[in-house]
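Colleague: please find the sequence and the predicted model below.
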Amino acid sequence: MMRLTGLHSRFLHALQKPSFGVKTARSVLPLQEKLRLYGTAQPDLFVKSPRPADAPVQIAVIGDSGSGNGAQAATAKLLNTLHQTTPLDAVLMLGDNVYVFDREKAEGKTSSDYFESRLYAPYKALYEDDVKFYPVLGNHDVVHGEADAQLAFMGSPPFYSHRIGPAEIFVIDTTLYLPGYGYVPKNLQPSLRQKQADVQTVWLKAALKRSNAPIKLVCGHYPVYASGDHRVGDPAIKTFEAIMKPVLEQSGAQMYLSGHEHIYERLTDSKGLPHIVLGTSGRCAERPIQSRHALSQLLNNQPKQHHVMLMTLHPSGQMAFKTYNTQAELVDSGVYETPRPKPNNKAPNNKRP
């Protein structure tokens, strides 16, 4: 059971309930190629994490960031400020990394027209300082059929794992699971999409169980649980929950991170697993929440609020987090004490790709 200590919250809706890089799935790459996975980037473009496995690492988390407006600029400024005071090892991007708005579509623009200005330029100083970026595909990243191009630009496969010091991150493409929810890749037939989703699920289960990392973070765009408006009355959500719930509970994950809902929310499921929803780095809540999720412990859906989470991950398995708004005000913080993973039967593999 996971324990949350040191909790801080200054916003409304806080319920103080007790809460108890890049490594690809090389074993499934041939099958991925047979299925013609739409991620075309070369896994070898990923570089090793700069810190040894026995040192804590600093990871920033952003979601729904690619708006190209003042909100994204403020998020990038906060990232730079955090990096100056607490040097970052990596940034997790939880999807919707590039938006194309209606006025831009009317001008004939596509997402690839904004890769430079929305994926690179805001974070140029961090890239130049060797901070690693790990992207998740969101629905807006695949809607125009340009997921291939974005993955190639970022040097990323569509799903992968990577060891960053004491942590291993597991990135999945959740758009494969919800063909009727939001958008889907235009270049995928339903049967092929289902095969890809099945391959990804098998890989995630095996990779989580195989990992000997003290901390295992699973990252996807769609939340398993959340209070946002996207989830109201959509039966596909229950389907996604039914797929992911047993994977997360039975495979040793210590946290699930997601975006999509334009809120910041922290939830804890029935097994004590924390779920973080952060979809406000470039967007914000457009309307009041209709229904608060029963598992919700803290919810920030205030308008014009944009967020960045800073995680400090220790070899002991401790996960400390601080979430800031772009005014550099502390929104939420705490420390999760995670149990050490059970030793694998196989000899540990501490090599990084």
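Modeller: That came in fine, so what should we check first? Numbering: from 1, shown residues only.

Colleague: so which residues of the stretch 51-200 of the chain form helices?
Modeller: For the stretch 51-200 of the chain, helices defined by DSSP state H, counting those that start in this stretch occupy the ranges 70-85, 102-106, 115, 124-128, 139-142, 147-154, 190-210.

Colleague: with distance to residue 311, mean pLDDT and mean neighbour count as extra columns, can I get those in JSON lines?
Modeller: Backbone N, C-alpha and C define where each C-beta goes, glycine included. As requested, those are exported to JSON lines (distance: least, CB to CB, whole Å; pLDDT from 0 to 100; neighbours: other CB atoms under 10 Å):
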{"stretch": "helix 70-85", "distance to residue 311": "11", "mean pLDDT": "95", "mean neighbour count": "18"}
{"stretch": "helix 102-106", "distance to residue 311": "33", "mean pLDDT": "85", "mean neighbour count": "10"}
{"stretch": "helix 115", "distance to residue 311": "26", "mean pLDDT": "92", "mean neighbour count": "19"}
{"stretch": "helix 124-128", "distance to residue 311": "16", "mean pLDDT": "96", "mean neighbour count": "13"}
{"stretch": "helix 139-142", "distance to residue 311": "23", "mean pLDDT": "88", "mean neighbour count": "24"}
{"stretch": "helix 147-154", "distance to residue 311": "20", "mean pLDDT": "88", "mean neighbour count": "20"}
{"stretch": "helix 190-210", "distance to residue 311": "18", "mean pLDDT": "89", "mean neighbour count": "17"}
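
Colleague: just put those helices in CSV and tack on distance to residue 248.
Modeller: Listed next are the helices of the stretch 51-200 of the chain as CSV, based on distance: least, CB to CB, whole Å:
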stretch, distance to residue 248
helix 70-85, 27
helix 102-106, 36
helix 115, 32
helix 124-128, 30
helix 139-142, 21
helix 147-154, 24
helix 190-210, 8
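
Colleague: quick one: closest of those helices to residue 274.
Modeller: helix 190-210 (15.8 Å; CB to CB).

Colleague: that closest one - contacts with which helices or strands?
Modeller: For helix 190-210, the packing partners by 3 or more CB pairs under 8 Å, 6 or more residues apart in numbering; DSSP states H and E come out as helix 29-34, strand 167-171, strand 215-219, helix 236-250.

Colleague: roughly how far is the second one from the heart of the chain?
Modeller: This means strand 167-171. A distance of 10 Å separates the centroid of the chain from that of strand 167-171, by CA atoms, centre = their mean, to the nearest Å.

Colleague: how about the strands in the stretch 1-150 of the chain?
Modeller: Ranges of strands within the stretch 1-150 of the chain are 3-9, 23-24, 57-62, 90-93, 132-135, based on DSSP state E, counting those that start in this stretch.

Colleague: now residue 102: how far from residue 260?
Modeller: 19 Å (CB to CB, to the nearest Å).

Colleague: hey, least reliable of the strands of the stretch 1-150 of the chain by pLDDT?
Modeller: Mean pLDDT is lowest for strand 23-24 among those, at a mean of 37.

Colleague: any idea how far residue 284 is from residue 224?
Modeller: 22 Å.

Colleague: more neighbours, those two?
Modeller: residue 224 (24 against 21; other CB atoms under 10 Å).

Colleague: grab the nearest non-local neighbour of the more buried one.
Modeller: Closest residue to residue 224 apart from its sequence neighbours, by CB to CB, 6 or more residues apart in numbering: residue 244 at 5.0 Å.

Colleague: okay, now that neighbour: neighbour count?
Modeller: The burial count for residue 244: 24, using other CB under 10 Å.

Colleague: just the pLDDT for it.
Modeller: You'll see residue 244 listed with a pLDDT of 94.

Colleague: now for it: which residues touch it?
Modeller: By CB atoms under 8 Å, 6 or more residues apart in numbering, residue 244 lies in contact with 177, 220, 224, 256.

Colleague: let me know the closest of those to residue 80.
Modeller: residue 220 (26.5 Å).
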